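[1] Fold the following, please.
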Amino acid sequence: MITHVLALIRIWIDIIRLRKGPDAIPQSTVVLAVAVALWLGGSILLVLAFNEFDLQGFIVIVLTSVIGLICYAAILNLFGRAARLLQTLSAIIGCGALLTIAFAVGKFLLTLLGGAGFSGNVVFLVVLWSVLVEGHIISRAIDRPFLLGFVFALAVLFLQLYVDMVVNPFENS
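    Numbers count the residues shown, from 1 in each chain. Predicted structure coming up:
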């Protein structure tokens, strides 16, 4: 079991490095469940890295993530690639989980070493890279050029940011 999870993590790392696509992920609900479990753990870790556990902040993270996944499912459907949904969602969630965990640990360490301003720059770079990764995954899933996948990923990010601003209007000002 552990060797299977480690192999899966290696695949997600290769996807994060833009070397593989979602087709490298096994089409399995178990894989999706592992990805979701990792993502939930990483999201809790991220909320804790910024401050004490904030249930509302965690709920907003889950809400905006689900909205993004629904958008990606709609894109796959629009391009006639609904059969790739399980692999694509597993790739997006799994890669997002690894990036979230790396980001949470990195933010904690960078805040200790370099102050909050330095860690803010890292936040921007991780978000930018995650958009590139999601664009890569979507472009491979719909068999279209990377630029189109990147545009879709940017659109999803902007929608998620908008929802976050609507749900948390005072925290974003």
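[2] Please count neighbours and contacts with C-alpha atoms only from this point.
    Noted.
[3] Check the secondary structure at the most centrally placed residue in the chain for me.
    With distances taken as C-alpha atoms, centre = their mean, residue 96 lies nearest the centre of the chain, 2.7 Å away. Residue 96 carries the three-state label helix when classified by DSSP: H, G, I helix; E, B strand; the rest coil.
[4] thinking it is in contact with residue 40, fair?
    No: counting by C-alpha atoms under 8 Å, residue 96 sits too far from residue 40 to count as a contact (10.3 Å).
[5] circling back: okay, the residue nearest to the centre of the chain and residue 43: tell me how far apart.
    10 Å (C-alpha to C-alpha, to the nearest Å).
[6] which strands and helices sit next to the helix or strand hosting residue 154?
    Assessed by DSSP states H and E, residue 154 sits inside helix 146-167. Packed against helix 146-167 by the contact rule (3 or more C-alpha pairs under 8 Å, 6 or more residues apart in numbering; DSSP states H and E) you find helix 55-78, helix 116-141.
[7] most packed of these?
    Highest mean neighbour count of these: helix 116-141, a mean of 19 (counted as mean count of other C-alpha atoms under 10 Å).
[8] about what we covered before: overlap in contacts, residue 96 and residue 43.
    Here residue 96 and residue 43 have no joint contacts, going by C-alpha atoms under 8 Å, 6 or more residues apart in numbering.
[9] so who does residue 86 touch?
    Going by C-alpha under 8 Å, 6+ apart, residue 86 touches 27, 28, 29, 32.
[10] which of those has the most neighbours?
    Each of these was scored for neighbours by other C-alpha atoms under 10 Å, and residue 32 scores highest at 22 neighbours.
[11] Look at it and tell me its secondary structure.
    Per three-state DSSP, residue 32 ends up helix.
[12] Offset the numbering so it begins at 101, please.
    Happy to do that; since the first residue is 101 now, the last one works out to residue 132.
[13] and the residue lying closest to it once chain neighbours are set aside, how many residues sit next to it?
    Nearest non-adjacent residue to residue 132, counting by C-alpha to C-alpha, 6 or more residues apart in numbering: residue 190, 4.8 Å away. Look at residue 190: counted by other C-alpha under 10 Å, it has 25 neighbours.
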